[in-house]
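>>> Got a sequence here, can you build the structure:
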Amino acid sequence: MRTTGIILIILTLASCATSPTGRKQLILVGDQQMNQMGVTSFQELKKAQKVAGDRRQQSYVGCVSFAIINALPDQGQDNNWEVVVFEDDSANAFALPGGKIGVHTGLLDVATTPSQLATVLGHEVAHVLSRHGAERVSIQMAAQTGLQVADMLSNQHVEGSRERQIAMAVLGLGTQVGVLLPFSRTHEKEADQLGLNLMAAAGFDPTESVQLWRNMDAASGGQRPPEFLSTHPEPENRIIKLNEIMQQAIGIQQQALANGVNPRCRR
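Residues are numbered from 1 along each chain as shown. Sure thing, here's the model as predicted:
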């Protein structure tokens with residue numbers, strides 16, 4: 001047990017990174033490994049899900065996506081990005097390490113303007129740029145190690161007992177609510193901030209992000225778990241946070257427009 005704890009401490013100290021917003025991160029997985037995971041997952045998704053056949057949809061989503069990609073810092077443009085629209089009624093989109101973006105056709109019914117679509121895609125690309133996938137994997141690895149240590153300790157006192165099973169169940173819930181979900185909410189807030197700046201730097205209107213999340217709230221029909229058990233902030237809380245940083249994003253958009261960055265993406 002002592003050896004396991006020492007190894008965990010060494011890994012933690014040796015694996016500190018910093019997100020684009022300056023937050024300290026635990027990263028135990030390399031970018032190359034995450035990129036390969038992203039590429040492999042995307043290939044599997046293209047086999048499992050129907051790719052939309054509407055070329056106008058693909059062109060529109062591609063226009064918005066690449067406007068955001070072109071606004072990324074140099075390290076974000078290294079990948080050969082691929083954008084695919086999937087036939088799916090859910091209002092969803094995602095970006096994966098390795099330069100992959102997927103958009104569900106259902107999102108286009110909720111994100112009704114290019115700037116609203118750019119809000120979602122900026123948010124998803126921000127997850128990749130911030131290495132949130134690698135951080136989530138690393139947190140889960142660390143949490144799993146902690147549970148293994150706790151299991152070893154509990155074995156010494158309540159081996160094979162019902163109390164041990166209850167203890168492990170409580171520890172598992174405590175890890176989920178106390179560590180994994182809060183970090184995921186941190187990721188969401190960070191992606192909102194960075195994503196808003198990304199879409200603004202691409203020339204899109206950041207003020208439309210507020211309407212986008214209102215549309216999302218309406219589309220959900222109120223079917224959301226309590227915020228403390230959700231990886232996504234409640235829409236109203238999200239909007240409050242967005243409004244707090246809106247002036248900065250507006251300034252970024254105005255600078256982009258002054259520099260001739262003006263995306264002309266048509267549905």
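>>> Which residues are in contact with the residue nearest to R266 when sequence neighbours are not counted?
Nearest residue to R266, sequence neighbours excluded (C-beta to C-beta, 6 or more residues apart in numbering): Y60, at 6.6 Å. Where C-beta positions appear, they are placed from N, C-alpha and C, glycine not excepted. Counting by C-beta atoms under 8 Å, 6 or more residues apart in numbering, Y60 touches P114, C265, R266, R267.
>>> please redo it, this time with the cut-off set to 10 Å
D54, V85, V103, L108, P114, L117, C265, R266, R267 (C-beta atoms under 10 Å, 6 or more residues apart in numbering).
>>> any idea how far L96 is from it?
Relative to L96, Y60 is positioned 21 Å away (C-beta to C-beta, to the nearest Å).
>>> What of M37?
From M37 to L96 the distance is 8 Å (C-beta to C-beta).
>>> more crowded one of the two?
L96 (23 against 17; other C-beta atoms under 10 Å).
>>> Could you measure from the more buried one over to A134?
For L96, the distance to A134 - C-beta to C-beta - is 12 Å.
>>> Now do the shared contacts for the two.
M34, N35, M37, V128.
>>> rewinding a little: mind telling me what element the residue nearest to R266 is part of?
helix 55-69 (DSSP states H and E).
>>> and that helix, which residues are buried?
By 16 or more other C-beta atoms under 10 Å, the buried positions in helix 55-69 come out as Q57, Q58, Y60, V61, G62, C63, V64, S65, F66, A67, I68, I69.
>>> Please report how far the residue nearest to R266 lies from L107.
12 Å.
>>> now do R136
22 Å.
>>> now the contacts of Y60 in CSV, with pLDDT and secondary structure?
Formatted as CSV, the contacts of Y60 follow (pLDDT from 0 to 100; DSSP: H, G, I helix; E, B strand; the rest coil):
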residue, pLDDT, secondary structure
D54, 94, coil
V85, 97, strand
V103, 96, strand
L108, 97, helix
P114, 98, helix
L117, 98, helix
C265, 96, coil
R266, 90, coil
R267, 86, coil
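>>> For ChimeraX, write a command that selects the buried ones of those residues.
Buried subset of the contacts of Y60, written as a ChimeraX selection, criterion 16+ other C-beta under 10 Å:
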select :85,103,108,114,117,265
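>>> Closest one of the contacts of Y60 to K47?
V85 (15.8 Å; C-beta to C-beta).
>>> Please give me every residue in contact with that closest one.
51-55, 57-62, 65, 93, 101-105, 107-108.
>>> how about a cut-off of 6 Å?
Neighbouring residues of V85 by C-beta atoms under 6 Å, 6 or more residues apart in numbering: A52, Q57, Q58, V61, V103.
>>> for the closest residue to it other than its chain neighbours, what are its contacts?
Of all residues not flanking V85 in the chain, A52 sits nearest, at 4.1 Å (C-beta to C-beta, 6+ apart). A52 makes contact with V85, E87, T105, according to C-beta under 6 Å, 6+ apart.
>>> need those in JSON lines with distance to A201, can you?
What follows is these, written out as JSON lines (distance: C-beta to C-beta, whole Å):
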{"residue": "V85", "distance to A201": "24"}
{"residue": "E87", "distance to A201": "31"}
{"residue": "T105", "distance to A201": "27"}
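>>> Tell me if T21 really is in a helix.
No: assigned with DSSP: H, G, I helix; E, B strand; the rest coil, T21 falls outside any helix and is coil.
>>> Over to the closest residue to it other than its chain neighbours. Which of the three states is it?
For T21, ignoring the flanking residues on the chain, the nearest one in space by C-beta to C-beta, 6+ apart is E190 at 5.5 Å. What three-state DSSP gives for E190 is helix.
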